[in-house]
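Participant: With the sequence up front, the predicted model follows.
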Amino acid sequence: MAVLQPGKMDVTLVAYYGEKPRQIEELITEAIAELNKVLGKAFNAYSLEQIHGTIIGLEGCRAGKHIINTNYAEKRNQLRSMNLTAALEVLDDPALLPFDVTIGGFADGGQYYFTSRDVVPYLRSFSVQGSYAVAMGWPFNRGKYLKSIDSLRRAFNPANILHKYHGSADAEDNDFFFVLGNVVEENIDNIKLQEAQGRMRSLLAAHNPVNVPISRDCIRVVAYTDTKLPLKTSCSYKIEDAKQKIEEIRSLYRPIMA
């Protein structure tokens, strides 16, 4: 476990950080192998353990006894003091958890009756966003699409925690997204980049759908100094442990600089 660095860390809430079920490991391993094949040295894969699905960021800065939520400050210009205890209690609500996410199996031209940011799931299942190779899944099972992830993220608002992609009140983010690694853009041309995206989308579309259960048991509070969450410099807490160590977690936040 990494050494805690009080006053020097950020905090986030993620799923499947560290150990993962076999079917998830196999899917990630297959996807990384394909990216290595297509992109070669232009792709730097994350380790299997550090790959995770983001639930909601808990980033903030300490101001006296308060921890000001970064996303409320940056996205809505509001200074709100996070209630971390209330945030963890959200995960005990049986109306919000558990639910399943489906990764893979979204065919080109398939009729799924939902889009992600106005884009069909086949195209959104994999994309290179800036320098990040991002794969996605959604709460979709037996032809039924639910807004389970978006609802969970909104449930943190009363604890003064805002999801990064809820900049406006009507914004929606029901994506279960996870980063597979970094793409070094200067080492690759646009044609090769488009080829990589196409091959990854085809690979995921042809893959048997992987149903990923999202429950409080797979969720971790992670304190980090590097947004990639490498295990060597990040500290993770199971939910019950985090509840017992709220003051320790609060001490990790950076103070607001004058």
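Facilitator: That came through fine.
Participant: how far out from the middle of the chain is stretch 12-27?
Facilitator: Between the centre of stretch 12-27 and the centre of its chain there are 11 Å (CA atoms, centre = their mean, to the nearest Å).
Participant: tell me how far the ends of that stretch are from each other?
Facilitator: 24 Å (CA to CA, to the nearest Å).
Participant: for the record, mean pLDDT for it?
Facilitator: Stretch 12-27 carries an average pLDDT of 96.
Participant: How much space separates the residue nearest to the spatial centre of the chain from residue 167?
Facilitator: Nearest residue to the geometric centre of the chain (CA atoms, centre = their mean): residue 54, 1.7 Å. Look at residue 54 and residue 167: by CB to CB, to the nearest Å, they are 16 Å apart. Heads up, the C-betas are built off the backbone N, CA and C, glycines and all.
Participant: rewinding a little: enumerate every residue touching the residue nearest to the centre of the chain.
Facilitator: 12-15, 177-178 (CB atoms under 8 Å, 6 or more residues apart in numbering).
Participant: do the same with residue 6
Facilitator: By CB under 8 Å, 6+ apart, the residues touching residue 6 are 251-252.
Participant: The one 5 residues further on too?
Facilitator: Counting by CB under 8 Å, 6+ apart, residue 11 makes contact with 58-60, 221-224, 249, 252-253.
Participant: Can I take it that it is in a strand?
Facilitator: Yes - according to DSSP: H, G, I helix; E, B strand; the rest coil, residue 11 belongs to a strand.
Participant: ok, now how distant is it from residue 90?
Facilitator: Relative to residue 90, residue 11 is positioned 15 Å away (CB to CB).
Participant: tell me which helix or strand of the protein sits lowest on mean pLDDT?
Facilitator: strand 140-141 (a mean of 88; mean pLDDT, DSSP states H and E).
Participant: Neighbouring strands - and their directions - for whichever helix or strand comes after that strand?
Facilitator: Scanning forward in sequence from strand 140-141 by DSSP states H and E, the next helix or strand is strand 144-145. Using DSSP bridges, strand 144-145 pairs in its sheet with strand 140-141 (antiparallel).
Participant: contact partners of the strand it pairs with?
Facilitator: 100, 102, 112, 114, 121, 146, 211.
Participant: Narrow the residues you listed to just the buried residues.
Facilitator: Neighbour-count burial (16 or more other CB atoms under 10 Å) applied to the contacts of strand 140-141 gives 102, 112, 121.
Participant: Sweet, I'm off.
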